[in-house]
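>>> Below are the sequence and a predicted model for it; my questions follow.
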Amino acid sequence: MQIPQHLAIIMDGNGRWAEQRHLPRILGHRKGVETVQAIVGECLELGIGCLTLYAFSSENWGRPQEEVEALMGLLGTFLKKELSQINDRGIRLMAVGELHRLPKSISKILKESIKKTSGNDRMVLNLALSYGSRNELTRAMQVLGREIADGRMQAEQITEADIEAALDTHGIPDPDLLIRTSGEMRISNFLLWQMAYSELYFTEALWPDFSREHLLQALEEYSRRQRRFGLTAAQLRDTNANGGEKSH
Ligand code: IPE
Ligand code: IPE
Ligand code: MG
């Protein structure tokens, strides 16, 4: 089985999971955190290098205040409870998004956790928090614009690498595989630049129900995909026959 170096997941369907059981939505989110704990463990075991989880989008700030507060509470509890486990297991925590918009207490724990785990190298757990791809790209453009305005760079010199360097995901390879749960087939403002060549996989399973079996199914499907990066299948066969490295 082919193991993606970077797996990104849009964890969707917590609300529906709860609503189907006539429970408050927040209980769906709470159950969703249990899935996060389980799936982090599975990814670690499978040797995935980086796992990015879409935990809270820029747009999610518009949800009812009660739900936003509950989600922030769960995030804080998760960080406090899991930090030692994360660290013990050699996981490096990272985060992308407008972290300054998070409640102060949470951004503080987050920063400390990121710092504390920065020397770990078994797997990166990257949380997308208050994250929106258009917002990230806009901020990157602002950084580059400032470079030009200050005369440190010329507009014509901007390269794809410069744009990448200005993104929150700088240093993290592009996702090889994106999984979205709950049957929705959309990207919802997630890693638009970075997913230019990611394989996309959608499952009907709601996030709280997402299990090791669902993950393995996704990885099996991913293993069957041929990533051509614009080349022809014949070219890829030649490269493989020559024992050559992938071009990407
Ligand atoms: C995903 O579940 C979690 C977050 C967006 C924070 P949802 O809360 O979107 O669940 P549904 O889509 O309403 O079922
Ligand atoms: C996407 O889920 C964001 C996260 C999983 C954090 P949403 O449930 O917010 O997405 P849309 O708005 O239905 O596309
Ligand atoms: Mg949703």
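That came through, no problem. Ligands and ions are numbered 1, 2, ... in the order given.
>>> Now do the strands in this structure.
For the chain, the strands defined by DSSP state E occupy 6-10, 50-57, 91-96, 123-131, 177-180, 199-202.
>>> For ligand 1, which of these is the nearest?
strand 50-57 (5.4 Å; Cβ to the nearest ligand atom). Yep, even glycine has a C-beta here, placed from its N, CA and C like the rest.
>>> In that closest one, which residues are buried?
C50, L51, T52, L53, Y54, A55, F56, S57 (16 or more other Cβ atoms under 10 Å).
>>> circling back to that earlier point, any chance of the strands of the chain in a markdown table, plus distance to R228?
Output for the strands of the chain, formatted as a markdown table (distance: least, Cβ to Cβ, whole Å):
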| stretch | distance to R228 |
| --- | --- |
| strand 6-10 | 19 |
| strand 50-57 | 23 |
| strand 91-96 | 28 |
| strand 123-131 | 27 |
| strand 177-180 | 15 |
| strand 199-202 | 11 |
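>>> on that earlier part again, show me which of the buried residues of strand 50-57 is closest to T181.
Y54 (10.5 Å; Cβ to Cβ).
>>> Tell me the spacing between the closest one and Q157.
33 Å (Cβ to Cβ, to the nearest Å).
>>> residues in contact with the residue nearest the centre of the chain?
The chain has T52 as the residue nearest its centroid, 2.4 Å off, counting by Cα atoms, centre = their mean. Residues in contact with T52 (Cβ atoms under 8 Å, 6 or more residues apart in numbering) are H6, L7, A8, I9, V96, N126, L127, A128, I172, P175, L191.
>>> what's the residue of the chain found nearest ligand 2 sitting at in phi/psi?
Residue nearest to ligand 2 within the chain (Cβ to the nearest ligand atom): S188, separated by 3.6 Å. Main-chain dihedrals, S188, degrees, to the nearest 10: phi 50, psi 50.
>>> residues near it, how many?
S188 is flanked by 14 other residues according to other Cβ atoms under 10 Å.
>>> in terms of contact, does it touch S58 like I think?
No - the pair S188 / S58 is not scored as a contact, 10.0 Å apart, by Cβ atoms under 8 Å.
>>> Report the buried residues of the worst-scoring helix or strand of the chain on mean pLDDT.
Scoring the helices and strands of the chain by mean pLDDT, DSSP states H and E places helix 233-241 at the bottom, with a mean of 92. Using 16+ other Cβ under 10 Å as the test for burial, helix 233-241 gives L236.
>>> residue ranges with poor pLDDT in the chain?
244-248 (pLDDT under 70).
>>> and it, which residues reach ligand 2?
When proximity is defined as Cβ under 6 Å from any ligand atom, the chain approaches ligand 2 at I10, M11, D12, Y54, A55, F56, S57, E59, N60, E184, R186, S188.
>>> of those residues, list those near ligand 1.
M11, D12, F56, N60.
>>> which ones are touching the last one?
Pointing back at N60 there. V68, L71.
>>> Before I go, just wanted to say thanks for your time.
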